[in-house]
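K.L.:
Structural data only, the sequence is not supplied:
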């Protein structure tokens, strides 16, 4: 394994660790896929702000590698009416 490959593998592991351990993110539902010489982020989050926060965290750690953000924002609509419990 070349030094560059080791560095890429290290960055890949660092991204996954940071997503799980960062107090502001603590995101376990994001998949980080190494594709070629880039990182692809996949998964679902509840808001555009959350999607941007995840991307920002990853971009701070990848150096010169490219990041492709495929994270989908799932809109959470409030219920139309209160649920009646019996």
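P.N.:
That came through fine. This is a predicted model, so every value here is computed, not measured.
K.L.:
contacts, neighbours, all on C-alpha from now
P.N.:
OK.
K.L.:
Next, the buried residues of the longest helix seen in the chain.
P.N.:
Counting residues, the longest helix found in the chain (DSSP state H) is helix 3-21. By neighbour count on 16 or more other CA atoms under 10 Å, the buried set for helix 3-21 is 8, 11-12, 15-16, 18-20.
K.L.:
Quick one: name whatever helix or strand follows the helix-or-strand element of the chain with minimal mean pLDDT.
P.N.:
None of the helices or strands of the chain scores lower by mean pLDDT, DSSP states H and E than helix 3-21, at a mean of 84. Sequence-wise, the next helix or strand downstream of helix 3-21 (DSSP states H and E) is strand 31-35.
K.L.:
what's that following strand packed up against?
P.N.:
Identification of packing neighbours for strand 31-35 by 3 or more CA pairs under 8 Å, 6 or more residues apart in numbering; DSSP states H and E yields helix 3-21, strand 38-45.
K.L.:
Make a markdown table from these and add distance to residue 77 to it.
P.N.:
Below are those laid out as a markdown table (distance: least, CA to CA, whole Å):
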| stretch | distance to residue 77 |
| --- | --- |
| helix 3-21 | 26 |
| strand 38-45 | 14 |
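K.L.:
Of all the ones you listed, which one comes closest to residue 80?
P.N.:
Of all the helices and strands packed on strand 31-35, the one in closest proximity to residue 80, counting by CA to CA, is strand 38-45 (21.9 Å).
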